[in-house]
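>>> need a 3D model of the following:
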Amino acid sequence: NSMVWMALDEESKLSRQERREMILLTVQTQITYFAAISELYESVEFCRAGVDERQAMVAWDTAAALLIGQLEGPTSGGSKSFGYLWYNLTQEQCQHFGTC
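Numbering: from 1, shown residues only. Take a look at the predicted model:
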């Protein structure tokens, strides 16, 4: 929480580029994750309430899309290094944690 506030503070010691990257990474990892979890809960609630089954499936598919990402990527036929959202995010950050 304090890291996000530091990134948003224009008077912090971080450069503009460092603040930008911190905010971008936070959105990619934390906000996307919680949005996906919210969609999963919504799907379960639709099922429990006996509402139109289609609404539950759409919420579930939305959660999967948020967690998995786009498999096709920018190249025709797909790409091995693009599209798996959480996998690629961890590959981008592994050097910071010595886990590559």
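>>> so where's the protein shaky on pLDDT?
Across the chain, residues meeting the criterion (pLDDT under 70) sit at 1, 70-84.
>>> quick one, phi/psi of the residue of it most remote from its centre?
Most distant from the centre of the chain: Gly50, at 29.1 Å, with distances by C-alpha atoms, centre = their mean. Summarising the backbone geometry of Gly50 under the convention degrees, to the nearest 10, its torsions are phi 70, psi 20.
>>> again with Leu14
When quoted as degrees, to the nearest 10, the phi and psi of Leu14 stand at phi -80, psi 150.
>>> gap between it and Ile23?
Per C-beta to C-beta, to the nearest Å, Leu14 is found 10 Å from Ile23. Every C-beta, even on glycine, is put in place using the N, C-alpha and C of the backbone.
>>> one more: Ser2?
14 Å.
>>> more crowded one of the two?
Comparing Ser2 with Ile23 by other C-beta atoms under 10 Å, the one with more neighbours is Ile23, at 14 against 6.
>>> center of the protein - which residue?
Nearest to the centroid of the C-alpha atoms of the chain, with distances taken as C-alpha atoms, centre = their mean, sits Thr32, at 3.2 Å.
>>> what helix or strand is the spatially closest residue to it that is not a sequence neighbour on?
Nearest residue to Thr32 in three dimensions, chain neighbours excluded: Leu66, at 5.5 Å (C-beta to C-beta, 6 or more residues apart in numbering). Taking DSSP states H and E as the criterion, the element that holds Leu66 is helix 53-68.
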